[in-house]
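Following is a predicted model, sequence given first.
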Amino acid sequence: MQLDSTQLNTTPGFCNVFVGHPLDLMKVRQQTAPSPSSAARAAIAQSVNKTGGMAMARVGGNGAINMTAATAAAAEESTLGMLRGVFVKEGFRGLYRGVSAPLVAVTPAFAVNFWSFDMASRGLRKVYNQSPTSQLSISQTALAGGFSGVALATIIGPSERIKCLMQVDKQKYSGFVDCARQVYAEGGLRSIFRGTGGAILRDVPGNAAYFGSYELLKRAAIQIEGNDKPSTAAILLAGGFAGVANWVVAIPMDTVKTRWQTAPAGTYKNLPDVVRTLIRTEGVPALFRGLSASLMRAFPANAACLCGVETVKGMIEER
């Protein structure tokens, strides 16, 4: 990827947002919701109270237990169940609640992300005395990706603060500008940038996994296909799995960041306090809440994104 490719790298960013935003909405709501076990127990207790202790009934002759309340609660908390629920209750527009925030940030974010990756790649070639056109190793590519994560998070951190608040509280904010104004009124720029440090801690390793795995899979595809460049299908697969690798690495810190950004002032002291509280009250698995939604979103969104990047790159190189 060359520096001038950033002129058109914003188009894949828009594709990424529109393809992936409904599932991003599910991820944020899963991360900020009470623990599933608590919700299930509450549903069962409510059913027991209404039925006089008959919430469980044996079916057939094998002693199986039919827990209707628990099943309903689990269905609502699943990614597909939440998607269906949001669509039924809020309509198609509800699936894109908070989309204005990432759209505002996506143009500079994607441009800066790939630009900073290019700059880091060039810097590494100089450090290792390599020619400007030489191919970086996979570890060097991952290192350049980690560097780009700092720039990416610095830009999208504030927009994610607005986006997450709009996704979690459907009534408090009338839109992006109204949410930004209220957040600023709470604590100025410090409130706007709340959670940006967590975004950096998420995106440095996440971007390292993203660019490193993408380059690894592209090179493997070239060897398997026996061509100078990977096919479109190979790019789609490599981009999709790169997005998956990103979120497998990034989801714990993303959960912590989301809790920190959406919690009322005074709930937590800092990011480490969020981690301690989350593990103490909900266990380590709570750090991975929203992973299923993230992975379902990551594959198609990043397949489309990186395929667009490679298409733009090819167009520029042919000039």
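Yes, it's here.

Give me the below-cutoff pLDDT ranges for the stretch 201-319 of the chain.
Along the stretch 201-319 of the chain, segments meeting pLDDT under 70 span 319.

ok so residue 205 is a helix residue?
Yes: membership of residue 205 in a helix is supported by DSSP: H, G, I helix; E, B strand; the rest coil.

Please report the distance of the nearest residue to it once chain neighbours are set aside from residue 271.
Closest residue to residue 205 in three dimensions, ignoring its sequence neighbours and counting by CB to CB, 6 or more residues apart in numbering: residue 249, at 5.1 Å. (C-beta placed from N, C-alpha, C; glycine too.) For residue 249, the distance to residue 271 equals 17 Å [CB to CB, to the nearest Å].

ok so, going back, the residue nearest to residue 205 and residue 206 touch, don't they?
Yes: if you go by CB atoms under 8 Å, residue 249 and residue 206 touch, sitting 5.3 Å apart.

and the two? which has more neighbours close in?
Set residue 249 next to residue 206 and count neighbours by other CB atoms under 10 Å: residue 206 wins out with 26 against 19.

check contacts around that one.
Contact analysis of residue 206 by CB atoms under 8 Å, 6 or more residues apart in numbering lists 149, 246, 247, 249, 250.

OK, contacts around the second one?
Translated: residue 246. Applying CB under 8 Å, 6+ apart to residue 246 gives the contacts 206, 207, 209, 210, 213, 298, 302.

Now it: closest residue in space, sequence neighbours ignored.
In space, residue 246 is closest to residue 210, 4.1 Å off (CB to CB, 6+ apart).

Residue 108 now?
Leaving aside its sequence neighbours, residue 108 sits nearest to residue 155 (CB to CB, 6+ apart; 5.6 Å).

quick one: the helix or strand hosting residue 245 to chain centroid distance?
Element membership of residue 245, judged by DSSP states H and E, is helix 232-262. With CA atoms, centre = their mean, to the nearest Å as the basis, helix 232-262 stands 5 Å off its chain's centre.

For that helix, list every residue counted as buried.
Buried positions in helix 232-262, judged by neighbour count with 16 or more other CB atoms under 10 Å: 234-262.
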